[in-house]
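S.K.: model the structure of this input:
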Amino acid sequence: MNSVLAARGLVKTYGDVHALAGVDIDIDPGDVLAVVGPSGSGKTTLLHVLSGILRADGGEVFLDGRAIGELNETGRSELRRTAFGFVFQSGMLVAELTAEENAALPMLLAGRSREESLGAARSWLTRLGLRGLEGRRPGELSGGQAQRVAIARALAHRPRVVFADEPTGALDTRTGQEMMTSLLQAAEETNAAVVIVTHDQAIAGRAHRVVDIRDGRIAAPDHSGQVPA
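M.R.: Below you'll find the predicted structure:
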């Protein structure tokens, strides 16, 4: 299978610190990849470089074989609105917008009509168990409901890859597992790949593959059956 997203020799430095020190990775359509490792190991930097939020200092990221490092900031912003979806720990919903407007936001920013965008958003909110809550603002939603709105926002425009950075970090264990079920089921419907940065072994254990980042490098696979701490 051809990778939807591939990285070759990624390097990212902050002063004397090598946040990434030569990372190679391949992610196939429909793949669910968990990225684990201690704090400061380079997990979030890897996610940000893979998604075009940060530009690598060395190496390259390829989306469907196309080098995204060749894009300028405008091109990378467009890529993040169309080919990628994002779920963050805090949800990062816009407080002034309703649930359906938040879910539709990437499509609206990409220039799609309001009718089409809100229609797709409502459909995904219904699939995620939020029917009847479309008009509520983030402050009127529970933490789990807000994260499902974030999932709808990440998937409504049918991205190629969804990036989730500690998506259950602000939730209790049960709500976090329910949120992950919603995310993985929704991504499976669209064959989107999912890249999850997490400290939670139970969450990482639900991925198809786990990579352990240590000092900016992918550590040797752990064959003990345990997700690395």
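S.K.: state the distance from the residue lying closest to L171 once chain neighbours are set aside to E115.
M.R.: Among residues not flanking L171 along the chain, G143 sits closest, at 5.5 Å (CB to CB, 6 or more residues apart in numbering). All C-beta atoms are positioned from the backbone trio N, CA, C, and that covers glycine. Taking CB to CB, to the nearest Å as the measure, G143 falls 30 Å from E115.
S.K.: which of the two has more neighbours?
M.R.: Using other CB atoms under 10 Å as the criterion, G143 and E115 rank with G143 on top: 16 against 8.
S.K.: correct me, but the more buried one touches T168?
M.R.: No. Using CB atoms under 8 Å, G143 makes no contact with T168, being 9.9 Å away.
S.K.: what touches both of those two?
M.R.: T175 (CB atoms under 8 Å, 6 or more residues apart in numbering).
S.K.: other SSEs contacting the host helix or strand of V49?
M.R.: Using DSSP states H and E, V49 maps to helix 43-50. Helix 43-50 sits against strand 5-14, strand 17-27, strand 32-36, strand 161-165, strand 193-197, with contacts defined as 3 or more CB pairs under 8 Å, 6 or more residues apart in numbering; DSSP states H and E.
S.K.: those: which one's closest to H208?
M.R.: strand 32-36 (4.6 Å; CB to CB).
S.K.: and the closest one, what's buried?
M.R.: Counting neighbours by 16 or more other CB atoms under 10 Å, one finds that the buried residues in strand 32-36 are V32, L33, A34, V35, V36.
S.K.: same for the longest helix along the chain, what does it pack against?
M.R.: When the chain is parsed with DSSP state H, its longest helix is helix 173-190. Counting contacts by 3+ CB pairs under 8 Å, 6+ apart, helix 173-190 packs against helix 114-127, helix 143-155, strand 161-165, strand 193-197, helix 201-204.
S.K.: CA-only coordinates of the fourth one in PDB, if you can.
M.R.: Once side chains and other backbone atoms are set aside, the C-alpha atoms of strand 193-197 remain, and they are given as PDB (Å, rounded to 0.1, in the frame of the first residue of the first chain):
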ATOM      1  CA  ALA A 193      -5.200   7.900   8.900                       C
ATOM      2  CA  VAL A 194      -4.900   8.900  12.500                       C
ATOM      3  CA  VAL A 195      -1.700  10.000  14.300                       C
ATOM      4  CA  ILE A 196      -2.200  10.200  18.100                       C
ATOM      5  CA  VAL A 197       0.300  11.700  20.600                       C
END
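S.K.: list the helices and strands that strand packs on?
M.R.: Using 3+ CB pairs under 8 Å, 6+ apart, strand 193-197 sits against strand 32-36, helix 43-50, strand 161-165, helix 173-190.
S.K.: pairing partners for that strand, with directions?
M.R.: strand 32-36 (parallel), strand 161-165 (parallel) (DSSP bridges).
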